[in-house]
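1. Return atomic coordinates for the entry below.
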Amino acid sequence: MQEYTQARKTELSERVQAVQEDLAEAAKKAGRAASDVTLVAVSKLHPASDIAALADAGHLDFGENYVQEAAGKQEALQGLDVRWHFIGGLQSNKAKFVAGNFELVHSVDSLKLAKKLAAKAAERGTVQDVLIQASLAGEEQKSGAEADELERLVAEASELDGLRVRGLMTMPPFFDEPERARPFFARLRELREGIGQRLGISLPHLSMGMTGDFVPAVEEGATLVRVGTRIFGARPPK
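-> Here you go, the predicted model:
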């Protein structure tokens with residue numbers, strides 16, 4: 001792994017601090033504690049050295065989208081005590097590479113995938129924490145269960161040994177105005193509350209909000225926000 005420079009460490013840590021300040025302000029506005037929201041630094045397509053730099057500065061939560069890339073970084077950084085989040089689309093045939101290797105999988109969008117993750121986690125003697133991904137805007141290119149299918153998927157996934165459903169995730173459409181994403185965040189919170197009450201289960205987490213819209217997401221109840229570009233800069237070509 002290429003070593004990071006002190007200048008890069010300073011740059012990245014200052015960017016994280018700026019995001020955390022905006023996050024704290026949004027939480028305060030909503031009457032929440034900033035500590036209730038975890039900032040997941042989305043490190044996809046950025047070098048492992050950037051993760052090492054931020055970990056050295058004290059930031060420990062990182063989000064990856066691609067199985068092979070994430071595995072390479074985990075191997076390169078295996079000595080670091082960081083918390084890995086898998087936030088990208090996941091095919092069921094790659095679940096075996098993810099189960100047990102991530103603190104949290106944000107993107108479970110089908111019972112087939114849930115079963116694959118549960119089986120591999122149980123085989124490894126662990127329990128995989130997951131979020132169920134909701135599709136609230138009807139965008140065909142985005143994965144997730146539709147609102148009317150969400151409760152059944154949460155219920156069925158919650159019955160699987162080796163899996164622990166911890167909440168919901170969504171990705172609203174991209175808007176130039178962050179406020180236009182707010183209704184989707186509010187809807188996810190309402191769905192979480194209703195499903196949890198009807199099923200009698202705890203769903204503590206809402207993963208929602210990215211670089212352009214995490215402020216309204218936090219104001220609407222996000223417990224995890226996924227911020228990449230504002231921390232690491234523009235993504236290099238894949």
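
2. Would you check the distance separating stretch 1-18 from the middle of the chain?
-> Chain-centre distance of stretch 1-18: 22 Å, with CA atoms, centre = their mean, to the nearest Å.

3. Equivalent analysis for stretch 177-189, please.
-> 17 Å.

4. Low-confidence regions, the chain specifically.
-> Applying pLDDT under 70 to the chain flags residues 140-141, 237-238.

5. try it again with 90
-> Across the chain, the ranges flagged by pLDDT under 90 are 1-2, 137-143, 174, 234-238.

6. mind listing the helices for it?
-> 6-29, 48-56, 67-76, 111-123, 147-158, 182-199, 214-219, 229-232 (DSSP state H).

7. Against which helices or strands is the longest one packed?
-> Taking 3 or more CB pairs under 8 Å, 6 or more residues apart in numbering; DSSP states H and E as contact, the helices and strands that helix 6-29 lies on are strand 38-42, helix 48-56, helix 214-219, helix 229-232. Glycine gets a C-beta too; all of them are placed from N, C-alpha and C.

8. Nearest to Ala70, out of those?
-> Closest to Ala70 of those is helix 48-56 (CB to CB; 10.3 Å).

9. which outside residues touch that closest one?
-> Helix 48-56 is contacted by residues 1-4, 8-9, 12-13, 16, 41, 43, 62, 72-73, 76-77, 80-82, 231-232 when judged by CB atoms under 8 Å, 6 or more residues apart in numbering.

10. what does stretch 3-10 give?
-> 49-50, 52-54, 56-57.

11. buried ones in that stretch?
-> Neighbour counts using 16 or more other CB atoms under 10 Å place 4, 8-9 of stretch 3-10 among the buried residues.

12. Let's have those in CSV, adding distance to Gly200.
-> Formatted as CSV, the buried residues of stretch 3-10 follow (distance: CB to CB, whole Å):
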residue, distance to Gly200
Tyr4, 47
Arg8, 48
Lys9, 46
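
13. Which single one of those residues is nearest to Asn101?
-> Tyr4 (23.4 Å).

14. how much space between the closest one and Glu177?
-> Look at Tyr4 and Glu177: by CB to CB, to the nearest Å, they are 36 Å apart.

15. that older thread, do you know which of the helices and strands packed on helix 6-29 lies nearest Gly167?
-> That would be strand 38-42 among the helices and strands packed on helix 6-29, by CB to CB, at 11.7 Å.

16. about what we covered before: turn the helices of the chain into CSV, columns for distance to Lys94.
-> Shown next, in CSV, are the helices of the chain (distance: least, CB to CB, whole Å):
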stretch, distance to Lys94
helix 6-29, 29
helix 48-56, 20
helix 67-76, 5
helix 111-123, 9
helix 147-158, 18
helix 182-199, 26
helix 214-219, 28
helix 229-232, 24
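
17. Give me whichever of those is most buried.
-> Most buried of those, by mean neighbour count (mean count of other CB atoms under 10 Å): helix 214-219, with a mean of 25.

18. contacts for that helix?
-> By CB under 8 Å, 6+ apart, helix 214-219 touches 19, 22-23, 25-27, 29-30, 32, 37, 178-179, 181-182, 185, 208-209, 222, 225-227.

19. again, only this time at 6 Å
-> Outside helix 214-219, the residues that touch it by CB atoms under 6 Å, 6 or more residues apart in numbering are 23, 26-27, 29-30, 37, 178, 182, 185, 208-209, 225, 227.

20. Kindly report the same for stretch 113-128.
-> If you take CB under 6 Å, 6+ apart as the criterion, stretch 113-128 is touched by 92, 95-96, 99-100, 108, 157, 160-164.

21. Name the nearest of the residues you listed relative to Met171.
-> Taking CB to CB as the measure, Val108 is the one of the contacts of stretch 113-128 closest to Met171, at 13.7 Å.
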